[in-house]
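Q: Okay, sequence plus prediction incoming.
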Number of protein chains: 2
Amino acid sequence: MTTRWLTPKEQRAWRAYIAATLLLEDAIDRQLQQEAGMPHLYYSILAHLSELPEHRLRMTDLAGKLKITRSRLTYAVTRLEKDGLLRREDCRWDKRGSVAVLTDDGMAVLRRTAPGHVETVRTALFDQLTEEQVEQLEEICTGVARALEGEGERPAADEVPWRRRSSPSCS
Amino acid sequence: MTTRWLTPKEQRAWRAYIAATLLLEDAIDRQLQQEAGMPHLYYSILAHLSELPEHRLRMTDLAGKLKITRSRLTYAVTRLEKDGLLRREDCRWDKRGSVAVLTDDGMAVLRRTAPGHVETVRTALFDQLTEEQVEQLEEICTGVARALEGEGERPAADEVPWRRRSSPSCS
């Protein structure tokens, strides 16, 4: 098969994408490390749980929400549990399953850290975009994520990170 | 100061951005791990060096090109050197400086791996975008990267990863 190399225009877009995503992630990680002593992923775990009615979610579903592998999630959750910011509970319906629950301390850290985090996201990203560009970014990213999650024309459902190992069936 | 929380529209764009960037990086890392036994960052180091006339660059400049900290670069370069894919040479003009040089083996790995890598980037990203969206993505990402590198209205030059520790002056 002939390699479909990138055109000069695509190469420019790809390099700009790599630079922007690395710099943005670095800025966000740095702010969260300074203010909460944790990287972006750990903050996202707490933030996701805080949005749910009972502040709890099955580990497998949490990995899916965060678009990461379960082993990466388990590592992060173990650290957060050690710091008392969340706890793990056995699943009521499935002995193999496990549920992550945000603690009051975790909620307090979130409340204290959220304003600084949002300010970083706004300054680094949204302050640089026009209203129209915000819509363009959403459309581009939604399309890319959907294709990689196998909801597009080229299904790849078994290739997403959180389905890479067998999934407990507790909910 | 009142927190400038994200609007619902910005929240949607932010979540789509997080999902797309995580899934894309995962797909790229997975392909490179399978075909070259290395993550995306390591491949990028080799690729950057391969584009230069003598396949060599000062470590500090390489960190700047890759938008990462020098300690992260040093870690990756040590691994790549151990595998014989690049070597480090002392800097001719500065005893503290060090230069990374791509080896013939490194070039061979790149030549072998590049077609599969480009195919992944194309399938996961560019095949999902219209011509217009490629331009939009470049414009959005260039603006964001520029602002974070301090070339925009809000200088933050000392905050970029590769300037976080004192820089050797060899070139």
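A: It's in.
Q: got any ranges where chain A has weak pLDDT?
A: For chain A, applying pLDDT under 70 flags the ranges A:1, A:95-96, A:151-159, A:163-171.
Q: ranges for the strands of it?
A: Applying DSSP state E to chain A gives strands spanning A:56-58, A:86-90, A:98-102.
Q: Now stretch A:16-33: buried residues?
A: Under the neighbour-count criterion of 16 or more other C-beta atoms under 10 Å in any protein chain shown, stretch A:16-33 has A:16-32 buried. Every residue, glycine included, has its C-beta placed from N, CA and C.
Q: same check, this time on stretch A:60-76
A: Under the neighbour-count criterion of 16+ other C-beta under 10 Å, stretch A:60-76 has A:60-70, A:73, A:76 buried.
Q: Name the nearest of these relative to chain B.
A: Checking those against chain B with C-beta to the nearest C-beta, the nearest one is A:Lys67 at 4.2 Å.
Q: wait, isn't the closest one in contact with B:Ala19?
A: Yes - using C-beta atoms under 8 Å, A:Lys67 is in contact with B:Ala19, at 5.4 Å.
Q: Please identify every residue contacting each of the two.
A: Shared contacts of A:Lys67 and B:Ala19 (C-beta atoms under 8 Å, 6 or more residues apart in numbering or on different chains): A:Ala145.
Q: which residue packs closest to A:Thr21, ignoring adjacent ones?
A: Nearest residue to A:Thr21, sequence neighbours excluded (C-beta to C-beta, 6 or more residues apart in numbering or on different chains): B:Thr21, at 5.2 Å.
Q: Surely A:Ala36 and A:Ala47 touch.
A: No - assessed by C-beta under 8 Å, A:Ala36 is found out of contact with A:Ala47, at 11.1 Å.
Q: Now do the same contact list for A:Leu86.
A: A:Ile45, A:Leu46, A:Leu49, A:Val77, A:Leu80, A:Ala100, A:Val101, A:Leu102, A:Thr103, A:Gly106.
Q: Turn those into a markdown table, including distance to chain B and neighbour count.
A: Converted to a markdown table, the contacts of A:Leu86 look like this (distance: C-beta to the nearest C-beta, whole Å; neighbours: other C-beta atoms under 10 Å in any protein chain shown):
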| residue | distance to chain B | neighbour count |
| --- | --- | --- |
| A:Ile45 | 13 | 27 |
| A:Leu46 | 15 | 23 |
| A:Leu49 | 15 | 24 |
| A:Val77 | 17 | 22 |
| A:Leu80 | 18 | 24 |
| A:Ala100 | 18 | 26 |
| A:Val101 | 22 | 16 |
| A:Leu102 | 19 | 25 |
| A:Thr103 | 23 | 18 |
| A:Gly106 | 20 | 24 |
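Q: quick check, nearest of those to A:Ala147?
A: Nearest to A:Ala147, judged by C-beta to C-beta, of those is A:Ile45 at 25.3 Å.
Q: gap between that closest one and A:Arg72?
A: From A:Ile45 across to A:Arg72, the span is 11 Å (C-beta to C-beta, to the nearest Å).
Q: same deal with A:Leu80?
A: From A:Leu80 to A:Arg72 the distance is 13 Å (C-beta to C-beta).
Q: what's the answer for A:Leu129, then?
A: In terms of C-beta to C-beta, A:Leu129 sits 29 Å off from A:Arg72.
Q: Report the inter-axis angle for the top helix by length along chain A versus helix B:8-36.
A: In chain A, taking DSSP state H as the definition, the longest helix is helix A:8-36. Counting by axes from the mean of the first three to the mean of the last three C-alpha atoms, to 10 degrees, helix A:8-36 lies at 110 degrees to helix B:8-36.
Q: for helix A:8-36, the distance to its chain's centre please.
A: Mean-position distance between helix A:8-36 and its chain equals 15 Å (C-alpha atoms, centre = their mean, to the nearest Å).
Q: so how far is A:Ala36 from the closest residue to A:Val99 other than its chain neighbours?
A: Distances taken as C-beta to C-beta, 6+ apart place A:Glu89 nearest to A:Val99, at 4.9 Å, with adjacent residues excluded. Per C-beta to C-beta, A:Glu89 is found 24 Å from A:Ala36.
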